[in-house]
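Asker: Could you look at this predicted model? Sequence included:
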Amino acid sequence: MSSGSLDRKKHFVAELKAHFSESISAARLAEMNAGQMSENMRSEATSRGDAKAAVESGRMAVAHGQRRERTKQDVDRLIAFASRSLKNFRRDAPIELGAMVDVRVEELESGAVEERTFFILPVGAGTDLEGPGGDGFLSVITPESPVGRSLMGRRVGDSFDTEIKGVEREWTVTDLV
């Protein structure tokens with residue numbers, strides 16, 4: 001892998017950090033709004049139903065705060081991983097955390113085929129990221145996901161079957177970066 005490939009990985013890590021930052025801001029705003037709503041409802045409560053609604057709004061504020069804190073922890077994990085573990089992979093190396101992997105996916109029943117690119121990171125599962133200058137898209141997966149578990153340790157040319165949402169698919173690793 002060239003230094004350009006490592007630069008692409010750094011771009012995607014920065015894009016994921018930006019995505020997390022947006023999530024943290026949105027959670028903070030939702031937390032503040034739910035907290036304010038709870039306070040307003042408590043002060044204006046005239047019935048038991050009003051009091052229950054105020055308590056529920058308070059619970060929502062707590063849940064948004066917890067989501068914000070989890071996302072902050074994810075950012076910390078991403079930064080720690082990227083600072084010590086982003087590396088070059090030889091095409092013949094086994095797939096591990098930090099790899100960008102191209103796969104060919106064939107839906108076994110219908111025969112539909114698609115090409116996908118995954119970046120295996122410790123956090124950010126399900127996030128779709130855009131390449132520099134709009135050059136391609138990839139999806140972040142973690143080693144704990146069904147596809148991530150199946151990819152770990154595989155090599156270019158390996159194939160495996162994985163069922164996702166009740167659909168059996170054959171996955172073939174076509175490239176590793």
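Answerer: Here it is on my side, so go on.
Asker: make it CA atoms for all contacts and neighbour counts henceforth
Answerer: Fine.
Asker: Confirm V173 sits in a helix?
Answerer: No - if the criterion is DSSP: H, G, I helix; E, B strand; the rest coil, then V173 is strand and not within a helix.
Asker: Next up, the contacts around the closest residue in space to it that isn't next to it in sequence.
Answerer: Nearest residue to V173, sequence neighbours excluded (CA to CA, 6 or more residues apart in numbering): V103, at 4.5 Å. Each residue near V103 by CA atoms under 8 Å, 6 or more residues apart in numbering is listed here: E115, R116, T117, W171, T172, V173, T174, D175.
Asker: other SSEs contacting the helix or strand encompassing F12?
Answerer: Element membership of F12 [criterion: DSSP states H and E] is helix 3-44. Applying 3 or more CA pairs under 8 Å, 6 or more residues apart in numbering; DSSP states H and E, one finds that helix 3-44 contacts helix 48-85, strand 128-130.
Asker: Serialize those to CSV and add fields for mean pLDDT and mean neighbour count.
Answerer: Listed next are those as CSV, based on pLDDT from 0 to 100; neighbours: other CA atoms under 10 Å:
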stretch, mean pLDDT, mean neighbour count
helix 48-85, 89, 16
strand 128-130, 94, 17
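Asker: Would you map out the domains in the protein?
Answerer: 3-85, 100-176 (automatic domain parsing).
Asker: sorry, back to before: correct me if wrong, but the residue nearest to V173 is in a strand.
Answerer: Yes - with three-state DSSP as the criterion, V103 is part of a strand.
Asker: Show me the beta-bridge partners of it.
Answerer: V103 has these beta-bridge partners by DSSP bridges: R116, V173.
Asker: how close does it sit to H11?
Answerer: Separation of V103 from H11 (CA to CA, to the nearest Å): 21 Å.
Asker: In this structure G65 contacts N33, no?
Answerer: No - under the criterion of CA atoms under 8 Å, G65 makes no contact with N33, lying 11.3 Å away.
Asker: burial of R154, as a residue count?
Answerer: Neighbours of R154 under the rule other CA atoms under 10 Å: 18.
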